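[1] Quick one, fold the following:
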Amino acid sequence: QVQLVESGGGLVQAGGSLRLSCAVSGRTFRTYVMGWFRQAPGKEREFVAAISWSGYTYYADSVKGRFTISRDNAKDTVYLQMNSLKPDDTAVYYCACDRRSTINTNGNFYDYWGQGTQVTVSS
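    As a prediction, this is how the structure comes out:
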């Protein structure tokens, strides 16, 4: 069983930064694709970013240039550095892992999910 635990969420003013972390335990982390998704109140869950085991990254257009996903395989942890935050970035952020080797933006392909961490950006 794989467990994912997110941390680092909080309240920040527009233009500020936050770094989310997701610690993974239970299986071989380094072979998995890791992704970040978010869900705002009243909206569907949406893809934010993903990173392959080799470090290839892919971003949603809405966060490209502002967010950076990275992973530390030695620590079994994936990060999401969020800069230039906007009120529209307010959501619960979830990390997830996909046992397949190719990046997918569809959350239905991800096998395990964290409990989520709230990010609130004030204007």
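[2] tell me which element Y79 falls in.
    strand 77-82 (DSSP states H and E).
[3] what comes up buried for the following helix or strand past that strand?
    Once strand 77-82 ends, the next helix or strand along the chain (criterion: DSSP H and E) is strand 91-98. Of the residues in strand 91-98, A91, V92, Y93, Y94, C95, A96, C97, D98 count as buried by neighbour count, 16 or more other CB atoms under 10 Å. Every C-beta, even on glycine, is put in place using the N, C-alpha and C of the backbone.
[4] gap between the third one and S101?
    Y93 sits 24 Å away from S101, going by CB to CB, to the nearest Å.
[5] middle-most residue in this protein, spatially?
    Nearest residue to the geometric centre of the chain (CA atoms, centre = their mean): W36, 2.3 Å.
[6] quick one: contacts for it?
    Residues near W36 by CB atoms under 8 Å, 6 or more residues apart in numbering: L20, C22, V48, A49, A50, I69, V78, L80, Y93, Y94, C95, A96.
[7] partner residues bridging the closest residue to D89 other than its chain neighbours?
    In this structure, D89 finds its nearest non-sequential neighbour in V121, 5.1 Å apart by CB to CB, 6 or more residues apart in numbering. Per DSSP bridges, the residues bridged to V121 are V12.
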